[in-house]
Every structure is written in structure tokens, then in C-alpha cells.
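Chemist: Need a 3D model of the following:
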Amino acid sequence: MNTLKLFAVMVLTVALSAFTATTEEGGYKIGDVATDFSLENIDGKMVSLSDYKEAKGFIVVFTCNTCPYAVAYEDRIEELNKKFASKGYPVIAIMPNNTKVKPGDSMEAMQERAREKGFTFPYLMDEDQEIYPQYGATKTPHVYVLQKSDKGNVVKYIGAIDDNYKDASAVTTTYVQDAVNALLNKQEIEIKETKAIGCTIKV
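Modeler: Numbers count the residues shown, from 1 in each chain. Predicted coordinates:
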């Protein structure tokens, strides 16, 4: 009986270890320093985080035109930029999908969508699909709040924008807004990670 119990514990331990390894491998974790990038914006210019000399940090959002979840969050992403860009935390939106798989996420489509919606933030294309894996983004939308420090841009929050993608009026917890407000007030972020809800990034 003791041998069976020991075997069961060993199996459970291995299973849990495998799950942990799977969820933790790849991408940034809280406290990691995000490397900079240079990606093309919808205006044809290359944009890097280092361009924002006065920024205190960034709200990096991996999003796209074609995912219903991403579309549902467009207005809220715009609100985040209007609320926090002037306070030092601009939104930097990045489209990570393979445009051969999703032609509706082409640069031309991104430009058109930005015009239609009146986006006030950069909308960049991860054309070579090199940046989103560095971050560990898996969904659109998937958000990373970064804070500038002597070390670089430190990851402070990862996950969803809020707790209700279906209905903005029914949101009870505004994860990203709360995280940025905490940073601005030099307070600890209460919820540092949540599960990103959205469409799988197309490779």
C-alpha cells in the first residue's frame, strides 16, 4: 500500500511539474526586462519603445482587426491611451498575426481600421512574428504593462484588459487600468497576472 501511495505521489508530482513547465516556459514573466523592438507603424514609420523619451512605461497590446475579442476591446484600448498616454503610459498596439493566414490583418487593413476607429496610438505590425514570442503573447488581445527603470522596461502586468470582454458596461475589475494607476501612485499592483481571453495568434 505504501509503495502504491508513493507511486501515486510521484506520478502527481511529475504531472504537476510538467504543467508548471508548460505554463512557465517562453515569454516574459513579471519582473523581467522587455527588450526593445523596431516595428512598422501604419504611417510607414518604424517605432521603438526608445522613441518615447518621456514615457514612464507602456501598455503594450497584441491585437488585430479580425478577432471578435480584439474588436470588442478596440474602444477600451483607445480609452486606455487617452487616459494614460498623457500621464506617461502610452498604448503601443502590435498586430502579431500571419497575414497570409489572416489577410484581413494586412497593413492596408490595419490602416483602414485605424482610420475608421480614429486610433490615437501606434498600430504596429510584427511582420516577421519575432516580437510576440519574446513576450509570450498567445491571444489577441494580450496585454503587457511595462514600467521604465534603470534596468530597462520591466514587466509589471500580463493578461487581460478587464474581466468582461462581452460587455464594457458590465466590467467589475479593470486589470490594466488598476495596474497603471498603482504604478502612477507608486503602489503595489494587486493583480499582476490574469488569463488573456481572445483568439489564438495565427502563425
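Chemist: heading toward the C-terminus, what's the first helix or strand past the helix or strand of the chain with the lowest mean pLDDT?
Modeler: Of all the helices and strands that make up the chain, helix 2-24 has the lowest average by mean pLDDT, DSSP states H and E, namely a mean of 37. Moving toward the C-terminus from helix 2-24, the next helix or strand (DSSP states H and E) is strand 33-34.
Chemist: Just checking, which helix or strand succeeds that following strand along the chain?
Modeler: Following strand 33-34 in sequence order, the next helix or strand is strand 39-41 (DSSP H and E).
Chemist: Show me the shaky parts of the chain.
Modeler: 1-25 (pLDDT under 70).
Chemist: Dig out what the residue most central in space within it forms beta bridges with.
Modeler: Against the mean C-alpha coordinate of the chain, by CA atoms, centre = their mean, the closest residue is Val143 at 2.1 Å. Beta-bridge partners of Val143, counted by DSSP bridges, are Val61, Gly159.
Chemist: Val33 now?
Modeler: Val154.
Chemist: gap between it and Phe84?
Modeler: Val33 sits 21 Å away from Phe84, going by CB to CB, to the nearest Å. To be clear about C-beta, it is placed using only N, CA and C from the backbone, and glycine gets the same treatment.
Chemist: Next: Lys117.
Modeler: Counting by CB to CB - Lys117 and Phe84 are separated by 18 Å.
Chemist: So for those two, which residue has more residues nearby?
Modeler: Neighbour totals were compared for Lys117 and Phe84, and Phe84 leads with 23 against 15 (other CB atoms under 10 Å).
Chemist: Now Val101. Nearest residue, chain neighbours left out?
Modeler: For Val101, ignoring the flanking residues on the chain, the nearest one in space by CB to CB, 6 or more residues apart in numbering is Lys202 at 4.3 Å.
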